[in-house]
Every structure is written in structure tokens, then in C-alpha cells.
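Student: Model the structure of this input:
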Amino acid sequence: MDVDGNDLTNGSKLHQDDLPSDGLSSVFKTFITVIYLVTFILGVFGNGVVIWVTVFKLKRTVNTVWFLGLAIADFAFSLFLPFSTVYIALGFHWPFGTALCKLSSGITVLTMFASILTLTAISVDRCVLVVLPVWSKNYRGPRLAVLASLVLWGVSVALSVPSFIFRDTAVTNSSTLCYTNFLTGAEEAAFESLAPVDYDTAIAEVESLEGARFHSLALARLLFGFLLPLLVIVASYATLSLRLRRSRLAHSGKPFKVIIAIILAFLLCWAPYHICTLMELQYQHSQPLPLALRLGIPLSTSLTSFNSCLNPILYICMGHNFRQSVRRSLQKILENAFVEDSMHYQTSSQAKTKPASLGEEGSTLV
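Tutor: Residues are numbered from 1 along each chain as shown. Sure thing, here's the model as predicted:
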């Protein structure tokens, strides 16, 4: 059985006994607890405000659909952080039952996929907007963006199903653990019946099956939750950059910078987590884990959590000059961050066209 020190990984080998020492373990628990609490407060409040303003105050555009999807994912992620916080604060004791153990882990993985796939869709959308302006003018609109978002969330649900299936609870040493159990009930019964007859074979088969499933899930998450989206994002913006230089297109640039900042924040916050997962694959049956990995897993996990509260901060800081934004309403700040800015086939001498209004879905933008 593989016990997680958090709810953010399917097959993490981090166990409370893997922390370097009692003193350092206490420091790490305190540090992660503080990060989770801060992220919960900022994430729920910030993303909640973005959702409310986007739904009730802003006109529906393609950009607002994309940003609403990101806010919903980050809000859901933040909402479940108190369960992880309590779990760590109680010394890895899970008092919430098996259903919430599965749900908490599944939601965190689901929102990870939803966030990176939405960022990928935004990148492709902005590339298509410039490369295929006629098609974009005729067909690009909020309805298509909503449909695309629903498809992306459906794919995210499918990719996160193993997190809901394999998460389980068990009582050990008077504590209830929320852990990753790669064996079904039937498989556990079969191995238990084999153990009295041939214990070594039973252990070998259990380790082989758990190892294969851990590798599959870790690599699938790395591939579909990081590497492939990163490849598509880089290709989209490389194509976009080449087209802009070749055609001398003019653009206001602010929404473009907001998107770039959000993408970079996500990639930087999640890259250490995936690196630790790859390292963990090399020490699957090694106990204890190397010191660097024992330190890296909780640190990278807290970093991924903190990402869920960053987007609203970026909207405020980049959506308008910060000193001026504190005197403006949240609606105006988000309008400025999400605006559908115009992109026309103009030479640099004609590049002073005013940005399109929020409702001009036919305008081309970067």
C-alpha cells in the first residue's frame, strides 16, 4: 500500500515516515499547512469573485468563457484544500471517510487536467485567430468556446478516473490513512490466499502489479497533463510569433501578456511536481526515499497548490496599472484583462487601431 502525504498524487510514495527527521518533519508539516491555508483563502475568494463577475457582470465572449473555465477549476481545487490541510496537521490521519478520500484526490487531479487543457485550448484559439482570420470571423464565438470547454472537461474527467478508483482508506497504528491502493478487492483476496502457500511469489506479484499501474498512471499524467500540452502551447505561440513578424500585425498586447503569464505560472508551478514523479519512478521499491526526493515531494506539492490562487492576482496586476486598479471596480479590471482586443492586417504605420469592444467576437486578436 502506498500512502500519500497529500491528495495531489495518485501514486506518490511519500509516507510520513519518509520525512528526514522528526524536527524537519514538523517544520515541513507547518510550512505546507500554512501554504495550504493561504492558498485556500486566496483561491476561494479570488476565483469566487472572478466567477461571479464573469457570469453576472461581463458580456459573454470567447475570452470570458476560457477564463471562467480556469477560475472554476482553481476554485474547485482550492475548495478541497482544507481536507489535505487537516490530514497533514493531524499527522496523516484522515477522519473524513473513504468517499471524501476518493473525491478529494480525484478533484485535484481533475482540475489539474482541466486547467492545462484549457490553457492549451486558449493557445490554439489565439493561433487560429491570426492564422485563419476569415474562419474565426465566421465561426469563432462563445457557443463554440463553451462546447470546446465541455469537451475538455469531459476529457479531464476520463483522465482522472483512476484517481477516484484507486484511492482508499485503511486503519493502521490507530490512524486512518488516505492512500493509493492499486489492488482491487478481488486481487487482494487472491494474493492473500496465495501468501500462505508461496509468500515470496505473492509479494513479487503484488509489487509487479502495483509497479506497472503506478508507472502507467504517472507517465500518463506527465504526458497528457504536461508534456503534450506544453508541446502544443509552444507550437501555437511559435506559429503565432512567426505570423506576426511576417505580416506586421498590430495588437494591443495586454490580454496576450496576461495569457502568457498564466501559462508560465502554471508550467513553473507544476514542472517540479512532474520532475519529482519521474524521480520517484526510479525508487519505487526503495525505502526510505533519497533526501532530495523526500524534501522535493512536499515542496513541489505545495507549489502546485499555490498555483490555484495565482490567476486572480495576475488579472489584477496585469489587467491594469496596479496603482490605478485599486481605485477601479473589479468588473473594470477583469474587463481590461479579458478584453477581445483587435488584430488587423495592418502595417506598422497603421498600428494605432483602438481595441475592439468586449462584444466584438468577429475581431481578430492575439
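
Student: what about the strands in the chain?
Tutor: For the chain, the strands defined by DSSP state E occupy 2-3, 167-172, 175-180, 250-251, 343-344.

Student: pLDDT of the fourth one, averaged?
Tutor: Along strand 250-251, the predicted local confidence has a mean pLDDT of 48.

Student: likewise the first one?
Tutor: Averaging pLDDT along strand 2-3 yields 38.

Student: same deal with the third one?
Tutor: If you average the pLDDT over strand 175-180, you get 87.

Student: Pull out the buried positions in that strand.
Tutor: 176-180 (16 or more other Cβ atoms under 10 Å). (Glycine included, C-beta is placed from N, CA and C.)

Student: Partner strands of that strand and their direction?
Tutor: Strand 175-180 sits in its sheet next to strand 2-3 (antiparallel), strand 167-172 (antiparallel), going by DSSP bridges.

Student: want to try CSV for those, with mean neighbour count and distance to residue 135 as columns?
Tutor: As requested, the strands paired with strand 175-180 are arranged in CSV below (neighbours: other Cβ atoms under 10 Å; distance: least, Cβ to Cβ, whole Å):
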stretch, mean neighbour count, distance to residue 135
strand 2-3, 20, 48
strand 167-172, 16, 43
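
Student: Work out the gap between stretch 164-178 and the centre of the chain.
Tutor: Mean-position distance between stretch 164-178 and its chain equals 24 Å (Cα atoms, centre = their mean, to the nearest Å).

Student: So what touches it?
Tutor: 1, 3-4, 7, 10, 87, 91-95, 97-98, 101-106, 179-182, 213, 217 (Cβ atoms under 8 Å, 6 or more residues apart in numbering).

Student: ditto for stretch 259-275
Tutor: Taking Cβ under 8 Å, 6+ apart as the rule, stretch 259-275 contacts 8-9, 70, 112, 115-116, 119, 122-123, 126, 221-222, 225-226, 230, 233, 237, 296, 299-301, 303-304, 306-307, 310-311, 314, 318.

Student: Not counting residues beside it along the chain, what's closest to the residue positioned nearest the centre of the chain?
Tutor: Computing the C-alpha centroid of the chain and ranking residues by Cα atoms, centre = their mean puts residue 112 first, at 2.7 Å. Excluding the flanking residues, the one nearest residue 112 by Cβ to Cβ, 6 or more residues apart in numbering is residue 225, at 5.8 Å.

Student: Tell me if I'm right that that neighbour and residue 159 touch.
Tutor: Yes - under the criterion of Cβ atoms under 8 Å, residue 225 makes contact with residue 159 at 7.4 Å.

Student: any shared contact partners between those two?
Tutor: Jointly contacting residue 225 and residue 159 under the rule Cβ under 8 Å, 6+ apart are residue 113.

Student: where does residue 69 sit relative to residue 160, distance-wise?
Tutor: Residue 69 is 16 Å from residue 160, where distance means Cβ to Cβ, to the nearest Å.

Student: same deal with residue 315?
Tutor: Distance from residue 315 to residue 160, counting by Cβ to Cβ: 26 Å.

Student: Could you do residue 218 as well?
Tutor: Distance from residue 218 to residue 160, by Cβ to Cβ: 14 Å.

Student: Would you mind telling me which of the two has more residues around it?
Tutor: residue 160 (23 against 20; other Cβ atoms under 10 Å).

Student: can you map out the helices along the stretch 151-300 of the chain?
Tutor: Secondary structure of the stretch 151-300 of the chain (DSSP state H, counting those that start in this stretch): helices at 185-194, 199-222, 228-247, 254-281, 291-306.

Student: What is the distance between the first one and the centre of its chain?
Tutor: Translated: helix 185-194. 35 Å.

Student: And for that helix, what's in contact with it?
Tutor: So helix 185-194 is contacted by 183, 201-202, 205-206, 209 (Cβ under 8 Å, 6+ apart).

Student: And those residues, which two are furthest apart?
Tutor: The span of the contacts of helix 185-194, defined through Cβ to Cβ, is set by 183 and 201 at 15.5 Å.

Student: which one of the two has more residues nearby?
Tutor: residue 183 (17 against 12).

Student: List the residues that contact the more buried one.
Tutor: 191, 206, 209-210.

Student: Could you dump the residues you listed into a markdown table and include distance to residue 64?
Tutor: Shown next, in a markdown table, are the contacts of residue 183 (distance: Cβ to Cβ, whole Å):
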| residue | distance to residue 64 |
| --- | --- |
| 191 | 52 |
| 206 | 50 |
| 209 | 46 |
| 210 | 44 |
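
Student: Can you go through those and name the buried ones?
Tutor: 191, 206, 210.

Student: how close does the nearest residue to the last one once chain neighbours are set aside sit to residue 121?
Tutor: The shortest distance from residue 210 to any non-neighbouring residue, by Cβ to Cβ, 6+ apart, is to residue 182 (4.4 Å). Counting by Cβ to Cβ, the gap between residue 182 and residue 121 amounts to 32 Å.
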